[in-house]
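K.L.:
no sequence for this one, just the structure:
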């Protein structure tokens, strides 16, 4: 049963109420004062807004929407107002929300595990074409986002998506968001364990349930049994990572408390081994701790990573075992370090069953509705009914017979999707940016695409794995702190003293091998126009100064500052 100010959970009743100020933890009696978000969640559950959208707002139009629904509860159904065109980044932090927002929405389609059928991808493409002016972006959490959505069209969109088994339920909001999973779960020949049943069980039992629909902040989940560790588990609130236990066999190692934004932290291991059939229960225990003990007073401290930083993994595990699972967990080994530098599954790979999967690279996740429909048709024409999205903004077609591979690759490349892309095409990622996002300060998608072209022209011989992540604001949706070259959008001064779009630079971040956050170079700010020159300069310095086999991140950590400017 969910703990609420009116109905504490069992763990809550065992503790005396403390000072009301506190950190806003329900489990210790801290229910007040409430910030604005906590107040509207207390007034009405975010899941309840769907009825109002269907019966009132879609019929009466945008101006009929209650502000707490518009800028709050509608997120629980994947809806955010998008940025009004023409407002420059200098006004992002100055204008009120109603001045920044347009009367259109971004709609996030939830794609748990990145799994799509041909019919589902075709439906998204049709929704994009009919209701979203052809827009579509593959996100770095395996979802697909659409723009220019009118409130009047939302019920029809839901009907079309739900007819093929898709939804937007809890795609945003202070709730359990999409469960990211290995895009080759149950497919890859080297897989340790298939996490698909756990993804499905969590979704069936808990997504759309009011048990966890009021959390202190968003909650991000990752589950993968792949040895390449392809779900960026280090920066999720909870992650289950495939391991082989010497006594119990394949299962999952449990990680808790990762997250980026303006105060990045890597998740920590609890030192447990979790069998597949217990993943959903353990997941619910971790979410329950967050719901009951998470910090609700200040939004800036409300992510699970702050509770984990204060408690540490030992206390977190103890509370999980004693109060939520009521049993001890099995101690387990840490996962082996991944041996592959790329974790996106781009290229042609053989499956367990002898068929092949083919991963390909859109430009910075930007596609469109017509192209999504064409991808669905290409997959179907080559005998596949299964596609996947990845956490690197890439896509995969599964179940391709060997005699169909060359034809499929040619068809994808005719759509400008490369199966053997350059490191720049493969490794450049970008968030939504100022084009649609109300939080953004600078443009990202177009700039990232143009940067790819420039670097391919200037450095055609560069062949090292490299990630370049562009973010439109400090919130790190594009994971700037964990990229080889992370670019955080901000306004900077050019040589003439004019305020222009630019980036703060983070160098040498990484996940997987030697995970850590990038190095900020003192006083370095790069203008948007100067970005290609800057990246070329740094990469040429790396090529000249690296030792044999040295990764960019390793070089950037030891390089003199002059080589990084």
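P.N.:
Sure, I can see it. Small disclaimer: the values here were computed from a predicted structure and weren't measured. Numbers count the residues shown, from 1 in each chain.
K.L.:
chain center to stretch 236-250: distance?
P.N.:
21 Å (CA atoms, centre = their mean, to the nearest Å).
K.L.:
Show me where the stretch 251-400 of the chain dips below the pLDDT cut-off.
P.N.:
Along the stretch 251-400 of the chain, no part satisfies pLDDT under 70.
K.L.:
quick one: the strands in it?
P.N.:
268-274, 330-331, 347-350, 356-360, 366-368, 386-389, 395-400 (DSSP state E, counting those that start in this stretch).
K.L.:
Now do residue 218, the pLDDT please.
P.N.:
Here the pLDDT value assigned to residue 218 is 98.
K.L.:
how close does it get to residue 203?
P.N.:
17 Å (CB to CB, to the nearest Å). In short, each C-beta sits where N, CA and C put it, glycine included.
K.L.:
Please list all residues in contact with residue 480.
P.N.:
Residue 480 is in contact with 260, 469, 470, 471, 486, 487, 488, 506, 509, 518, counting by CB atoms under 8 Å, 6 or more residues apart in numbering.
K.L.:
export those residues to JSON lines and tack on secondary structure, distance to residue 297 and neighbour count?
P.N.:
As requested, the contacts of residue 480 are exported to JSON lines (DSSP: H, G, I helix; E, B strand; the rest coil; distance: CB to CB, whole Å; neighbours: other CB atoms under 10 Å):
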{"residue": "260", "secondary structure": "coil", "distance to residue 297": "22", "neighbour count": "25"}
{"residue": "469", "secondary structure": "strand", "distance to residue 297": "32", "neighbour count": "30"}
{"residue": "470", "secondary structure": "strand", "distance to residue 297": "33", "neighbour count": "28"}
{"residue": "471", "secondary structure": "strand", "distance to residue 297": "27", "neighbour count": "31"}
{"residue": "486", "secondary structure": "strand", "distance to residue 297": "30", "neighbour count": "29"}
{"residue": "487", "secondary structure": "strand", "distance to residue 297": "33", "neighbour count": "30"}
{"residue": "488", "secondary structure": "strand", "distance to residue 297": "27", "neighbour count": "25"}
{"residue": "506", "secondary structure": "strand", "distance to residue 297": "30", "neighbour count": "25"}
{"residue": "509", "secondary structure": "coil", "distance to residue 297": "31", "neighbour count": "25"}
{"residue": "518", "secondary structure": "coil", "distance to residue 297": "31", "neighbour count": "24"}
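K.L.:
starting at the chain centroid, how far to stretch 69-88?
P.N.:
18 Å.
K.L.:
any idea of the mean pLDDT for that stretch?
P.N.:
On average, stretch 69-88 scores 97.
K.L.:
Could you give me the buried positions within that stretch?
P.N.:
Within stretch 69-88, the residues scored as buried using 16 or more other CB atoms under 10 Å are 69-83, 87.
K.L.:
How about the contacts made by the residue sitting nearest the centre point of the chain?
P.N.:
What sits nearest the mean C-alpha location of the chain, by CA atoms, centre = their mean, is residue 141, with 3.2 Å. By CB under 8 Å, 6+ apart, the residues touching residue 141 are 177, 178, 180, 220, 391.
K.L.:
what's the closest of the buried residues of stretch 69-88 to residue 368?
P.N.:
When those are compared for distance to residue 368 (CB to CB), residue 82 wins out at 16.4 Å.
K.L.:
which non-adjacent residue is nearest residue 294?
P.N.:
Spatially, and ignoring its direct neighbours in sequence, residue 294 is nearest to residue 216 (3.6 Å; CB to CB, 6 or more residues apart in numbering).
K.L.:
now residue 556, nearest residue through space, not along the chain?
P.N.:
residue 508 (3.3 Å).
K.L.:
what does residue 507 give?
P.N.:
residue 556 (4.2 Å).
K.L.:
which residues of the stretch 1-150 of the chain fall in strands?
P.N.:
Going by DSSP E, counting those that start in this stretch, the stretch 1-150 of the chain shows strands at 79-83, 101-109, 115-117, 135-138, 144-149.
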